[in-house]
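**Student:** the sequence and its predicted three-dimensional model are supplied below.
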Amino acid sequence: MPLFKDKTDYIPDPNLISKWMGWQGRIPGSMDDQAGGGKQTERYCDNTPIEPRGFNFPRLRIWKSILFLLFISYIMLSYFRVPILTSIGNYLIIDKPVKKADLIVCLMGKPVERGLAAARLYKSGCARNIFFARVEFPNGYEDLRAKGVNYPESRDLLDRMLQGLGVPKSACITSDIFVCSTYEEAQVVRDISLKREVTSLIIITSPTHTRRAWLTFNKVFGKDNVRISVVPTLYSDFRPDNWWKTDKYLQDVILEYQKLFYYYIKYL
């Protein structure tokens, strides 16, 4: 005898599966809950362990972006290293066309390489006089003189060198005012230029020093009607395309950029 006369005689119990699985309570939203007139019955609580979800960390993504940018920057700098470093060296150099002037100014600091260039321009007829300033005495100079030791000043050495290169002493102009910076040198040159009615200058200095010298002299002379040309000495071994390979010029470039920044803040 069949268990059910007709298929329609069997109506499945909605809680049958939950009872068979051993769950306690009723399935949420079952008909018994609705029939209870809003009466709350014990509901099923699933105690199955929940897998941890992934969390979104904005800071982590920011750090990943920074590391990616640093990596790309490193690749770009490695590939374009030589052109970038060459541009850094070239920026410091200003080389204006040499025209005949009233006065050649040999800036102190590196008197040999600058003095050679000054003598060369003088002998080629670019100017009739060469000016060089008086640098402050080094530390311990007075004690050295007190002990009877004669230590020549930088301007005396430059004066002797220029005479040895064929520049007559009468063509050399100096000042008794002590200077310790390019800005102070420019101020002394301006005073002498106004007294001697100088209208044009040729500034001789080292290649890495030319930009700062040009900016400084233009700042000091201001609206004075004086033409200023800056010429890098040819007797320097500095080359903008390989300066970073030599410790000496590596230090010079780094120091010069620091001084440029200082001059922009203080004077320019």
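**Tutor:** Right, received. Where do you want to start?

**Student:** chain center to stretch 82-95: distance?
**Tutor:** 13 Å (Cα atoms, centre = their mean, to the nearest Å).

**Student:** Ile177 contacts Ala133, doesn't it?
**Tutor:** Yes. If you go by Cβ atoms under 8 Å, Ile177 and Ala133 touch, sitting 7.4 Å apart. From N, CA and C alone the C-beta is placed, and that goes for glycine too.

**Student:** what's downstream of the lowest-mean-pLDDT helix or strand in the chain, the next helix or strand?
**Tutor:** Lowest by mean pLDDT, DSSP states H and E among the helices and strands of the chain is helix 31-35, with a mean of 47. The first helix or strand that comes after helix 31-35 along the chain, using DSSP states H and E, is helix 58-79.

**Student:** dump that following helix to PDB, keeping only the CA atoms.
**Tutor:** Taking C-alpha atoms only, helix 58-79 is exported to PDB below (Å, rounded to 0.1, in the frame of the first residue of the first chain):
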ATOM      1  CA  PRO A  58      44.900  53.300   2.900                       C
ATOM      2  CA  ARG A  59      48.300  53.900   4.400                       C
ATOM      3  CA  LEU A  60      49.600  50.700   3.000                       C
ATOM      4  CA  ARG A  61      48.600  51.700  -0.500                       C
ATOM      5  CA  ILE A  62      50.200  55.100   0.000                       C
ATOM      6  CA  TRP A  63      53.500  53.500   1.000                       C
ATOM      7  CA  LYS A  64      53.300  51.100  -2.000                       C
ATOM      8  CA  SER A  65      52.800  54.100  -4.300                       C
ATOM      9  CA  ILE A  66      55.800  55.900  -2.700                       C
ATOM     10  CA  LEU A  67      58.000  52.900  -3.100                       C
ATOM     11  CA  PHE A  68      56.900  52.500  -6.700                       C
ATOM     12  CA  LEU A  69      57.700  56.100  -7.400                       C
ATOM     13  CA  LEU A  70      61.100  55.800  -5.800                       C
ATOM     14  CA  PHE A  71      61.800  52.700  -7.900                       C
ATOM     15  CA  ILE A  72      60.800  54.500 -11.100                       C
ATOM     16  CA  SER A  73      62.900  57.500 -10.100                       C
ATOM     17  CA  TYR A  74      65.900  55.300  -9.400                       C
ATOM     18  CA  ILE A  75      65.600  53.700 -12.900                       C
ATOM     19  CA  MET A  76      65.200  57.100 -14.500                       C
ATOM     20  CA  LEU A  77      68.200  58.600 -12.600                       C
ATOM     21  CA  SER A  78      70.300  55.600 -13.500                       C
ATOM     22  CA  TYR A  79      69.500  55.900 -17.100                       C
END
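
**Student:** buried set for the helix or strand following that helix?
**Tutor:** Sequence-wise, the next helix or strand downstream of helix 58-79 (DSSP H and E) is helix 81-91. For helix 81-91, a neighbour-count test (16 or more other Cβ atoms under 10 Å) marks 85-86, 89 as buried.

**Student:** quick revisit: neighbour-wise, which of Ile177 and Ala133 wins?
**Tutor:** Shown here are Ile177 and Ala133; by other Cβ atoms under 10 Å, Ala133 has more neighbours (27 against 13).

**Student:** which residues do Ile177 and Ala133 both contact?
**Tutor:** The contact sets of Ile177 and Ala133 overlap at Val188 (Cβ atoms under 8 Å, 6 or more residues apart in numbering).

**Student:** tell me which stretches of the stretch 101-250 of the chain form helices.
**Tutor:** For the stretch 101-250 of the chain, the helices defined by DSSP state H, counting those that start in this stretch cover 111-123, 141-146, 154-164, 182-196, 210-221, 247-266.
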